[in-house]
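Asks: A structural model of the following input is requested.
(chains A and B)
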Amino acid sequence: MPVPASSITTSPITAYPIHRHKLNNGLEVIASPDHGAPSVAVNLWYNVGSRHEQPGRTGFAHLFEHVMFQGSANVASGQHIGLLQAAGASVNATTWFDRTNYFETLPTGGLELALWLEADRLGSLPEALTIENLDNQREVVKEEKRQRYDNVPYGDAMRRLIELTFPTDHPYGHTVIGSMADLDAATVDDVKAFFATYYQPNNAVLSIVGDCSPETAFATAERYFGALPAGPEPPAADADPLPPLTGLPADETSADVPADAVYFTWRLPPTGTREFDAIDLGLTVLGQGQTSRLYRRLVRNDELAESVSAASMGLIGGTSFGLAYARVRDGVGLERLHDAVLTEVDRLVAESVSEVELRRAKAQFERHWLHELARIDSRADALGEFTTLHKDPARMNARLGEIDAVTLDDVSTALRDRLATTYRSTLRYRRAGRDIGEG
Amino acid sequence: MTLPRPEIAPPRPWHFPRVARGQLSNGTALHSYHLPGQQIIVAHLVLEVPLSAEPRSREGVATITGRCLDEGTRQHGGVEFAELLETEGAGFGIDVGLSGLQAVLDVPARRLDRAFELFAEAVIAPALAAEDVDRGVQLRLAEIEQGRVNSASRAGTEFRRAVYAPGSRAARRSGGEPDTVGEVTAADVAAFHTERFGPARTTLIVAGDLTGVDLDSLTERVFGGWRNDDQQVCDPRPVRPAAPAAVLIDRPGAVQADLRLGGFGVDRNDPRWADLTVAGYAMGGAFLSRLNKVLREERGYTYGVRLVFNPLRSGGSYAVQGSFRTDVLVEAVSQARLLLEVADHPFDADEVNDAVSYLTGVSPLRFATAAGVAAQAGSQVLAGLRPDYLDQSLAALREVTPASATQAYQSVVALDAASLVVVGDADVLAEPLRALGYPDLVVVEN
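Replies: Residues are numbered from 1 along each chain as shown, chains lettered A, B, ... in the order given. Have a look, this model is predicted:
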């Protein structure tokens, strides 16, 4: 391809200030001042996600996230968000396989209120928990599941892919939203026990980013969180790496969707490793953007697909998740598309990526990363992630350099080790009412 | 020992980033926003081409044209163009709205020069090859089909059909309907580009850390030579309301139903806009808004319900929107109707204060990045608003009183003139909805 060398030769860098301080109770506090706007972002990462859930108790981490907004000793139900929004805050929380995060970004003068509220629920949530609140949030979570998964086309695909890729009893073997039967079985005592196990200052990272000096951040954190006692060390989730998939596990389903689709998954190395980054860049070349191989071949040239993608989902517990997918163009048979995607995956493994493809993938990573860090709220979240999962907030600034350091050899080796053709699982998602026969 | 709840210190003054205005030699306006520390530069090329400029039988041609811009240029054909752009670490996108089109570039500052040349190339001299147009049409048809079976997306499409006058462009999908976009050819796309893309009524917005960037010289070099004697300009047409309707799109067996309950609204130039913004937040914007507090937090009917005002350049719409499990949908509509009525429960001072604090408080965060500033600036150009609109609007919010918010709300949110759109299981929902007060409910097969 006639692609001239880029005029850019320097390596990209970010140099956000990062200050770290640990309270006596074990709470990690990260401060990163940025006085560009009169706002401050507060972000708490608790080291508990769906991977910490026990069999029969799936969906607990996420249900618990909802319960955290139902009041504590000095805060009425719903008032956590109510008071913060009235202070001009954007407020929310999310639950994922590896963690639960709670965050608010607000005008600087509300920092003390934010930390007071976060400390009150960490210190006293069980005192306010009632069966009425729990029942109400159980219903809200069920509506969330219906809205996000049950009532949208292909909404159960992710659950099926997770179940294909991980053993049922593996920490990643169930979705974050979990089983509604498990949620129905949850008692107030179960929820209190979950809180006592995981919601401890020594199992959390508090990041404060924005219009606030490190001295103020640390002193304010000490004022509101310092008196909370440390708890027992929470049990660690199993983090032993899984070997690649064997036996070509496959699943097939049909539903009221407009077009057939095929998905492949792989087990990948854990996030935070050079090998994971190498695979991630390889999957970018395969299926991100209009110059990606899947797009060029399947959408642009052969007109087999209306939509394609490949991506990694980084996880800390020994094994990450890789995915490629394609949806058929009208009139195209699913097996033909299946074979074409697989051909491109096999070619990627056999030939690896070119120098310019790798450079392009790195350049796109740089753009996405700089976007990510442009906002104080996502910067606070990144600091929580690096501190919680990798024990080192400074890796946020090192990230572009880590990606830049990935070599062609790294990529080809990682692709061979992880995406070899027998290491995949397959999901065929068919439009209901359509013949299985091939066109 | 528990510390008392801290007081909130008053917010420091804040204003929307100041614009520096200029003009290229071909008449294109240049609006730049210097944002120290923002390493991503975002540029919006804003073309004031209302979708009413599309030929009626080829609606969707603006979208197809926009999507073909980076599918190859006369200088760099085929996928080579996208390769160049992506290798420079740039992103390119297109935004199509009722009152105009925007081409969007985002790129790390250190890569700006080369990316900007490619940005101009895509806008000024795209190849618009026949195979790219054909593919664009096929993908757009597939996209419509995906939207048709997506409950929330379908509700939005049906609601605009219900609320805007039949035959008006606003009542139909911005990206075209199957029978019009399916007819778009390469010749249509070439003609649209020739007649509608040009330097007249075009604004180039650039935001980011511009330290060391000679923006005047760069923009003049890449866009200043753009001439188009064939360019035609036209004014946007005002949007008119439709008669109220009640529509149920049948999705047999659906576990939830999507609701849109609302009507014709106003735009941001309307003197009531600040009052409505406050009232809308109190009714259905805050987490503890009147609607969400009851329907989510007390009753557990939904993951969330909102009252949304959607302003167009002229006129607009408002709607209660949410997704409810099927067996409580009718009760949710009934409750929402009661809650929406404010005659006996006017907005109070706490609601107004909380709304103003929230709406003013989130602005510094929303507009701290190049992407946030450029998107707001672009939308202001297309809405006919001045660059200082945001500061004026925040000042206007601070003048809102409980009485003015209640009065403005009642002048717009009128349930007897509202339309109802539900996407859900008609077997379960049709009769109870008719009994609730929608005797003329029309059931449509999905």
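
Asks: helices and strands of chain B: which one has the lowest mean pLDDT?
Replies: Every helix and strand of chain B was ranked by mean pLDDT, DSSP states H and E. The lowest is helix B:363-366, at a mean of 92.

Asks: then that helix to PDB, C-alphas only?
Replies: Extracted as PDB, the C-alpha positions of helix B:363-366 are listed here (Å, rounded to 0.1, in the frame of the first residue of the first chain):
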ATOM      1  CA  SER B 363     -21.300  22.900  32.800                       C
ATOM      2  CA  PRO B 364     -17.600  23.300  33.700                       C
ATOM      3  CA  LEU B 365     -17.200  19.500  33.300                       C
ATOM      4  CA  ARG B 366     -19.200  19.200  30.100                       C
END
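
Asks: how far off centre is it?
Replies: How far helix B:363-366 lies from its chain's middle: 18 Å, per CA atoms, centre = their mean, to the nearest Å.

Asks: let me know the next secondary structure element after that helix.
Replies: helix B:370-382 (DSSP states H and E).

Asks: give the other helices and strands that that next one contacts.
Replies: Applying 3 or more CB pairs under 8 Å, 6 or more residues apart in numbering or on different chains; DSSP states H and E, one finds that helix B:370-382 makes contact with helix A:355-374, strand B:29-34, strand B:40-47, strand B:100-108, strand B:202-208, helix B:389-397. From N, CA and C alone the C-beta is placed, and that goes for glycine too.

Asks: tilt between it and strand B:29-34?
Replies: 150 degrees (axes from the mean of the first three to the mean of the last three CA atoms, to 10 degrees).

Asks: quick check: mean pLDDT across helix B:370-382?
Replies: Averaged across helix B:370-382, the pLDDT comes to 97.

Asks: what parts of the stretch 301-439 of chain A come near chain B?
Replies: Proximity of the stretch 301-439 of chain A to chain B (CB under 8 Å from any CB of the partner chain) is limited to residues A:303, A:306-307, A:327, A:329-330, A:356, A:359-360, A:363-364, A:366-367, A:370-371, A:374-377.

Asks: skipping adjacent residues, who's closest to A:V308 in space?
Replies: A:L294 (4.0 Å; CB to CB, 6 or more residues apart in numbering or on different chains).

Asks: right, and the one you found touches A:A324 too?
Replies: Yes. Between A:L294 and A:A324 a contact is recorded at 7.0 Å, counting by CB atoms under 8 Å.

Asks: quick one on the thing from earlier: packing partners of the least confident helix or strand of chain B?
Replies: Based on contacts counted as 3+ CB pairs under 8 Å, 6+ apart, the elements that helix B:363-366 packs against are strand A:39-46.

Asks: ok, and the closest non-adjacent residue to the most centrally placed residue in chain A?
Replies: Centroid check for chain A by CA atoms, centre = their mean gives A:W96 as the closest residue, at 5.7 Å. Of all residues not flanking A:W96 in the chain, A:G49 sits nearest, at 5.3 Å (CB to CB, 6+ apart).

Asks: wait, what's in contact with the one you found?
Replies: A:61, A:95-100, A:176 (CB atoms under 8 Å, 6 or more residues apart in numbering or on different chains).

Asks: now a ChimeraX select for only the buried ones of the residues you listed.
Replies: To isolate the buried ones among those in ChimeraX, judged by 16 or more other CB atoms under 10 Å in any protein chain shown, type:
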select /A:61,95,97,98,99,100,176
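
Asks: hang on, the earlier thing: next one, pLDDT for the residue nearest to A:V308 please.
Replies: 98.

Asks: so how many other residues sit close to the closest residue to A:P244 other than its chain neighbours?
Replies: Among residues not flanking A:P244 along the chain, A:Y423 sits closest, at 3.9 Å (CB to CB, 6+ apart). Neighbourhood size, A:Y423 [other CB atoms under 10 Å in any protein chain shown]: 20.

Asks: contact partners for A:Y423?
Replies: Applying CB under 8 Å, 6+ apart, the residues contacting A:Y423 are A:244-246, A:266-267.

Asks: check contacts around residue 45.
Replies: I went with chain A, as the question did not name one. Contacts of A:W45 (CB under 8 Å, 6+ apart): A:99-101, A:204-205, A:207, A:381, A:384-385, A:387-388.

Asks: to clarify, I was referring to chain B.
Replies: B:102-104, B:119, B:123, B:202-205, B:223.

Asks: from the contacts of A:Y423, pick the one nearest chain B.
Replies: Closest to chain B out of the contacts of A:Y423 is A:W266 (24.2 Å), distances taken as CB to the nearest CB.

Asks: tell me which helix or strand comes right after the helix or strand hosting that closest one.
Replies: Here A:W266, judged by DSSP H and E, is contained in strand A:261-268. Per DSSP H and E, strand A:261-268 leads on to helix A:274-287 as the next helix or strand towards the C-terminus.

Asks: next, the buried residues of that following helix.
Replies: Buried, per 16+ other CB under 10 Å, within helix A:274-287: A:275-287.

Asks: stretch A:161-181 too?
Replies: Buried residues in stretch A:161-181 (16+ other CB under 10 Å): A:161-166, A:170-180.

Asks: that stretch and chain B in contact?
Replies: No. Remark: stretch A:161-181 sits outside contact range of chain B, by CB under 8 Å from any CB, the gap being at least 11.4 Å.

Asks: next one: that stretch to chain centre, how far?
Replies: The answer for stretch A:161-181 is 15 Å, by CA atoms, centre = their mean.

Asks: any idea of the mean pLDDT in it?
Replies: Per-residue scores along stretch A:161-181 average to 96.

Asks: pick out the residue of chain B closest to chain A.
Replies: Relative to chain A, the nearest point of chain B is B:G361 (1.3 Å; CB to the nearest CB).

Asks: in chain B, which residue is closest to the centre?
Replies: B:G97 (7.1 Å).

Asks: how about the contacts made by the residue nearest to A:V308?
Replies: A:286-287, A:305, A:308-310, A:324, A:326, A:341, A:344.

Asks: and with 7 Å instead?
Replies: When contacts are counted by CB atoms under 7 Å, 6 or more residues apart in numbering or on different chains, A:L294 touches A:286-287, A:308, A:310, A:326, A:341, A:344.

Asks: could you export these to CSV, including columns for secondary structure, pLDDT and distance to A:A41?
Replies: Formatted as CSV, the contacts of A:L294 follow (DSSP: H, G, I helix; E, B strand; the rest coil; pLDDT from 0 to 100; distance: CB to CB, whole Å):
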residue, secondary structure, pLDDT, distance to A:A41
A:L286, helix, 98, 34
A:G287, helix, 98, 32
A:V308, strand, 98, 35
A:A310, strand, 98, 32
A:A326, strand, 98, 38
A:V341, helix, 98, 40
A:E344, helix, 98, 41
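
Asks: just the strands in the stretch 201-350 of chain B please.
Replies: B:202-208, B:246-250, B:256-265, B:302-311, B:316-325 (DSSP state E, counting those that start in this stretch).
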